[in-house]
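Chemist: What follows is a predicted structure for the sequence shown.
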Amino acid sequence: MDSKSLNKVKPTFTKYEVLVIAILAITQFTVVLDFMVLSPMGAQLMIELNINTSQFGAVVSAYAFSAGIAGILTAGFADKFDRKKLLMFFYIGFIFGTFLCSIAPDYNFLLMARIVTGLFGGVISSISFAIITDLFKMEVRGRVMGFVQMAFAVSQVMGIPVGLLLANHFGWHSPFLMIVGFATIVVIVIFFYIKPVTEHLKLKSDRNAFQHLLKTLSTPNYIRGFMATVLLATGGFMLMPFGSAFSISNLGLTQNQLPILYFVTGIFSMIFGPISGRLSDKIGKYKMFIIGSLICITMVSIYTHLSVTPLWEVILINVILFIGISSRMISASSLMTAVPEPQDRGAFMGINASIQQISGGIAAFAAGKIVIQTKNAPLQHYDILGYVVCTSMLITICMMYIINKQVMGKNNSQIEKVEATPAEA
């Protein structure tokens, strides 16, 4: 190929598409950070608001459950409006809820503020995924998801340490004020630079919002996707709540070593997120999902049976585990975007996000019933939790096989229709 031919090769993404990916990734970063920054501030909040562990748990879970409920309630309307306007509406609501957190004077006000934040923030990821599905072809969605989902790692590496630093110096309200200021800039950029996303509105439907919701909930192909999401959430949320307690009580790490563990793990997650997305586009979403799941099963089996372990070894195991988690979630998210029809994308993504939030909350609650911890003693039954997680991952591989087969059949039929059109003409 000569130099002239090389100059004609188009880049994977246009400048506008890069902007869209960046904006969606940043919105995800702010929403994830808002959710994640609360837990590390638990000790400080319980002292300053004079609340117990049960009340703090209610503050944390209030967001997840209100987000789950919001997704269901708004799913019927999700395909009736310009997706840009929807994103702005819910993102402004999220900013307002976060601002309420930043001025909360007591426990009851904070609990109400977290519910408001969850009602708006919990819907943003589903709108983002619908926009990705509308604007990007299946062949590159893995790469797009890789960058957008990198928000989780960035919030772990940059957001949480900065948030905690602000909390230590200026009080626990300050991280929420930081998020409000940053998110306000983001919503201004969305308003001026993101184009309307209205292609789905051309597919007219006579169903009202309630009928649209019921239709989406009752479609067999969609139900299979929802069932797979339940199992995905189970595998992801069961180990997470007790990760720091297990590291200290069983692995022998100190409180000061935890930031090192999270920081290094986050750095590698940031690096391998886009790589996992690119690989899922190259070798296939389902193949990448199997690879990620097998890595997770292997590392969870090792991790949950560890006793006192050197820091470097814990970091190595965590890095490999999170590479598996990243590969698994990015490929699964990319594959799931191909399940709904264009006119149902918003509703499907909204319900799917709700199911993920609620299933995650139930999984965390169930994990609390399995794991036992007594004062100054190691966590017990963490290995049983590992068996449950590994089993759910194996079942999910079977579920995702069905989803993949369904998506491939759908793509093949669309190709056949396109090829048949000229002949028919």
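Modeler: That came through fine. Just so we're clear, the structure is a prediction, and the values are computed from it rather than from any experiment.

Chemist: any weak-confidence spans in the stretch 1-150 of the chain?
Modeler: Scanning the stretch 1-150 of the chain with the threshold set as pLDDT under 70 gives 1-11, 39-40, 42-43, 53-54.

Chemist: The same query, at a cut-off of 80, please.
Modeler: Along the stretch 1-150 of the chain, segments meeting pLDDT under 80 span 1-12, 36-47, 51-58, 60-61, 64, 75-79, 149-150.

Chemist: For the residue nearest in space to the middle of the chain, grab phi and psi.
Modeler: The residue lying closest to the centre of the chain (Cα atoms, centre = their mean) is Gln149, at 6.6 Å. Main-chain torsions, Gln149, degrees, to the nearest 10: phi -70, psi -10.

Chemist: just Gln380 next, same as before
Modeler: phi -110, psi 150.

Chemist: Name the nearest residue to the residue nearest to the centre of the chain, sequence neighbours excluded.
Modeler: Spatial nearest neighbour of Gln149, chain neighbours left out: Ile330 (5.4 Å); criterion: Cβ to Cβ, 6 or more residues apart in numbering. From N, CA and C alone the C-beta is placed, and that goes for glycine too.

Chemist: What about the one you found, how many residues nearby?
Modeler: Neighbours of Ile330 under the rule other Cβ atoms under 10 Å: 33.

Chemist: How about Glu199?
Modeler: 11.

Chemist: which ones are touching the residue nearest to the centre of the chain?
Modeler: Contact analysis of Gln149 by Cβ atoms under 8 Å, 6 or more residues apart in numbering lists Gln28, Gly273, Gly277, Ser326, Met329, Ile330, Ser333.

Chemist: Compare those and tell me which is most surrounded.
Modeler: Using other Cβ under 10 Å as the neighbour criterion, Ile330 leads those with 33 neighbours.

Chemist: Am I right that it sits in a helix?
Modeler: Yes. Applying DSSP: H, G, I helix; E, B strand; the rest coil, one finds Ile330 inside a helix.

Chemist: show me where pLDDT drops low in the stretch 301-425 of the chain?
Modeler: Residues of the stretch 301-425 of the chain meeting the criterion pLDDT under 80: 342-343, 345-346, 357-358, 360-369, 372-379, 409-425.

Chemist: let's see 70
Modeler: For the stretch 301-425 of the chain, the stretches flagged by pLDDT under 70 are 373-376, 411-425.

Chemist: What segments of it are strands?
Modeler: Ranges of strands within the stretch 301-425 of the chain: none, based on DSSP state E, counting those that start in this stretch.

Chemist: Stretch 93-107: how far from the chain's middle?
Modeler: Its chain's average C-alpha position is 22 Å from that of stretch 93-107, according to Cα atoms, centre = their mean, to the nearest Å.

Chemist: So what touches it?
Modeler: The contact list for stretch 93-107 (Cβ under 8 Å, 6+ apart) reads 30-31, 34, 49-51, 55, 59, 109-110, 112-114, 116-121, 124, 173-174, 176-177, 179-180, 183-184, 187.

Chemist: let's see 7 Å
Modeler: If you take Cβ atoms under 7 Å, 6 or more residues apart in numbering as the criterion, stretch 93-107 is touched by 31, 34, 49, 51, 55, 110, 113-114, 116-117, 120-121, 124, 173, 176-177, 179-180, 183-184, 187.
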